[in-house]
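A.B. asks: Provided below are the primary sequence and the corresponding predicted coordinates.
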Amino acid sequence: MRKFKYALGAAMLLAGLQTTQAATLDVVKERGVVNCGFTTGFAGFSAPDAKGVWQGLDVDMCRAVAAAVFGDATKFKAVPLNSQQRFTALQSGEIDLLARNTTVTQQRDTALGAIAAGINFYDGQGFLVPKSLGVKSAKELDGASVCMQTGTSNENTMADWARANNVNYKPVVIEQFNEVVNAFAAGRCDVFTTDASGLASIRISKMSNPDEYVVLPEIISKEPLGPFVRQGDDGWLNVVKWSLQAMIGAEELGVTSRNVDEQLKSPNPNVSRLLGVTEGAGKNMGLDEKWAYNIIKQVGNYGESFERTVGQDSPLKIQRGLNAQWTDGGLMYGLPIR
């Protein structure tokens, strides 16, 4: 009798989980768009262009999910969020996907009702200073005032690093990202600290004379950035996770937006499974078998997205570094689709 009760309870729990797992995907399909949380404006990652169209590496993550679900990468709604709003917006259901430069940490992955769906940019916290300050190392910043945004991991990381290196500093903590940038540009602080990718973006897009500023060589933390979804919805987690993996895997396999139609005839079984010629991957997630084909055709593989938004084809000119494929000494390693 006891075994029967345990079995019945387990079956009911599983049924409940399966119902939850399908919820977001069903809601998104019925609504007709993916609601994506972005920054309020972060050149190269998520920002509206001159025509008001959102562009960037994180935007491409959302576009990939829209392409996978609807076969149309334009079917998303941009929801600009600051660092204080982002997790509340995800928890409340205001957004389906947090595609905003957000570091994956243990606390965020366990205590906020959210879970990371992968890493789309490996980063680290750094320092931007005016060349006129005359410093070449962060360890020379003793007594400096440091601008940073509240509600981010940058505050604790900065405090830990300064304590470990016996560096005293005056924190200038401001809520809105653009206000932090303006404060730094106006000289209210000596230093701006955030993720190194953000510093590159700020230097190029926000400083009136970019050549008068320099990013110091120290990287004081690991900041793996990636998309988040709500916990308890494994079906939606699968869609977001494997949309990213399709982009990373496509680059490794040499499948691009330009040659994807030719690759439909590829004898490589890995390519056939990726593009849905060999069926199964789409059905596993409740999607059309052309889900990954649509991502690659409309958004591109990871390398195409990177170079276009933050890499050598963009104003930021960020080197691939850790974000190169594992075959080129980086950390991008596409999980097998089989």
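C.D. replies: Cool, the structure landed.
A.B. asks: for the residue most central in space within the chain, phi and psi?
C.D. replies: Nearest to the mean C-alpha position of the chain, by CA atoms, centre = their mean, lies residue 226 at 3.4 Å. The phi/psi pair for residue 226 (degrees, to the nearest 10) reads phi -170, psi 170.
A.B. asks: how near is the closest residue to it other than its chain neighbours to residue 208?
C.D. replies: Residue nearest to residue 226 in three dimensions, not counting chain neighbours: residue 119, with 4.4 Å by CB to CB, 6 or more residues apart in numbering. All C-beta atoms are positioned from the backbone trio N, CA, C, and that covers glycine. The gap separating residue 119 from residue 208 is 33 Å, by CB to CB, to the nearest Å.
A.B. asks: what's in contact with the strand or helix carrying residue 204?
C.D. replies: Take DSSP states H and E as the rule and residue 204 turns out to sit in helix 196-205. Contacts to helix 196-205, defined as CB atoms under 8 Å, 6 or more residues apart in numbering, come from residues 42-45, 101, 121, 123-128, 181, 184, 192, 194, 210, 213, 215, 219, 225, 310, 315-318.
A.B. asks: mean confidence for it?
C.D. replies: Averaging pLDDT along helix 196-205 yields 89.
A.B. asks: name the helices or strands packed onto the next helix or strand after that helix?
C.D. replies: Next in sequence after helix 196-205, counting helices and strands by DSSP H and E, comes strand 213-215. Other elements packing on strand 213-215 under the criterion 3 or more CB pairs under 8 Å, 6 or more residues apart in numbering; DSSP states H and E are strand 125-130, helix 196-205.
A.B. asks: mind checking how far strand 213-215 is from the chain centre?
C.D. replies: Relative to the chain's own centre, strand 213-215 is displaced by 24 Å; criterion: CA atoms, centre = their mean, to the nearest Å.
A.B. asks: shouldn't residue 124 be in contact with residue 224?
C.D. replies: No. Proximity of residue 124 to residue 224 does not meet the contact threshold set by CB atoms under 8 Å, at 9.3 Å.
A.B. asks: Mind listing the shared neighbours of the two?
C.D. replies: With CB under 8 Å, 6+ apart, residue 124 and residue 224 have no common neighbours.
A.B. asks: Contacts only, for residue 225.
C.D. replies: By CB under 8 Å, 6+ apart, the contact set of residue 225 is 101-104, 119-123, 195, 197.
A.B. asks: Now render these as JSON lines, adding distance to residue 203 and neighbour count.
C.D. replies: Output for these, formatted as JSON lines (distance: CB to CB, whole Å; neighbours: other CB atoms under 10 Å):
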{"residue": "101", "distance to residue 203": "16", "neighbour count": "27"}
{"residue": "102", "distance to residue 203": "21", "neighbour count": "26"}
{"residue": "103", "distance to residue 203": "20", "neighbour count": "21"}
{"residue": "104", "distance to residue 203": "25", "neighbour count": "19"}
{"residue": "119", "distance to residue 203": "24", "neighbour count": "19"}
{"residue": "120", "distance to residue 203": "22", "neighbour count": "25"}
{"residue": "121", "distance to residue 203": "17", "neighbour count": "22"}
{"residue": "122", "distance to residue 203": "20", "neighbour count": "18"}
{"residue": "123", "distance to residue 203": "15", "neighbour count": "24"}
{"residue": "195", "distance to residue 203": "13", "neighbour count": "24"}
{"residue": "197", "distance to residue 203": "11", "neighbour count": "24"}
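A.B. asks: and the gap between residue 77 and residue 54?
C.D. replies: For residue 77, the distance to residue 54 - CB to CB - is 10 Å.
A.B. asks: So for the two, which residue has more residues nearby?
C.D. replies: Per other CB atoms under 10 Å, whichever of residue 77 and residue 54 has more neighbours is residue 54, with 20 against 15.
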